[in-house]
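A.B. asks: predicted model and sequence below, questions to follow.
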Amino acid sequence: WTNDRQKCKFLIKRLLNLQKNHIFAEECEITHINEEDEKLFMEKNSFNKLIHSDIRIGLKYREKIVSIMSFSCKGNGKYELLFCSDKSDTKVDGSGKRMIEYFIEKYCPSSIISYDDRRCSFNDFYNECGFVKNGFTGPKYFYVVKNKRMNEDELKKISNLPKVVNKIYDCGGIRYEWKR
């Protein structure tokens, strides 16, 4: 809240299904997204940090990216769904299902795994796309330094570390899997 109120407000609106804009995935053009566009989209619309992805799929509405899904190839037809999100304050009905169906048709995966954050889970998406819940991950921890949340690697880069550093935990994750 302290560092990015706008993203917090958009997340609350998304959880309450109160987004300002509403479009349908069928009205969008499906396209491949480059890494730079993915990075810009995530910076504006997500709390997640960019993770290297091998495949990035997006939906464009009136030439603007409104939804992104990214994957990592694990070999032997196995993939991990790393990120999926609509643009802030925009609900794109059926976006996840449309992009997953495109991905399955184009890349013929044998399986796809994904992890969902238990703090703000959108598990309807996983159910709608044929994923099965098959486990949980334990909580991850972060450090808070000067009101900024950071992981252990980021903390190591700070040269003048304050004496008091708080450690916080999230709620863990839910593991989902889709199999052919």
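C.D. replies: Yep, it's here. Numbers count the residues shown, from 1 in each chain.

A.B. asks: just for this protein, where's the confidence low?
C.D. replies: Residue ranges of the chain with pLDDT under 70: 1-4, 6-16, 46-50, 119-123.

A.B. asks: tell me what the lengthiest helix in it is packed against?
C.D. replies: Using DSSP state H, we find that the single longest helix of the chain is helix 95-107. Other helices and strands packing on helix 95-107, by 3 or more C-beta pairs under 8 Å, 6 or more residues apart in numbering; DSSP states H and E, are strand 29-32, strand 55-61, strand 64-75, strand 78-86, helix 123-128. For every residue, glycine as well, the C-beta is placed using N, CA and C.

A.B. asks: reformat these as TSV; add mean neighbour count and distance to Pro139.
C.D. replies: Below are these laid out as TSV (neighbours: other C-beta atoms under 10 Å; distance: least, C-beta to C-beta, whole Å):
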stretch	mean neighbour count	distance to Pro139
strand 29-32	12	35
strand 55-61	20	29
strand 64-75	19	23
strand 78-86	21	20
helix 123-128	14	18
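
A.B. asks: still on that earlier bit, quick one: the longest helix of the chain to strand 55-61, angle?
C.D. replies: Angle of helix 95-107 versus strand 55-61, following axes from the mean of the first three to the mean of the last three C-alpha atoms, to 10 degrees, is 130 degrees.

A.B. asks: contacts for stretch 56-70?
C.D. replies: For stretch 56-70, contacts defined as C-beta atoms under 8 Å, 6 or more residues apart in numbering pick out 23, 25, 27-35, 37-38, 41-42, 51, 53, 55, 71, 81-87, 90, 92, 95-96, 98-100, 102-103.

A.B. asks: first-to-last residue distance for that stretch?
C.D. replies: Stretch 56-70 has an end-to-end distance of 4 Å (C-alpha to C-alpha, to the nearest Å).

A.B. asks: cool, stretch 142-157 as well?
C.D. replies: 14 Å.

A.B. asks: can you give me the buried ones in that stretch?
C.D. replies: Phe142, Tyr143, Val145, Met150 (16 or more other C-beta atoms under 10 Å).

A.B. asks: kindly indicate which of the residues you listed lies nearest Asp116.
C.D. replies: Ranked by distance to Asp116 (C-beta to C-beta), the buried residues of stretch 142-157 are led by Phe142 at 17.9 Å.

A.B. asks: SS state for the closest one?
C.D. replies: At Phe142 the chain is in strand, as set by DSSP: H, G, I helix; E, B strand; the rest coil.
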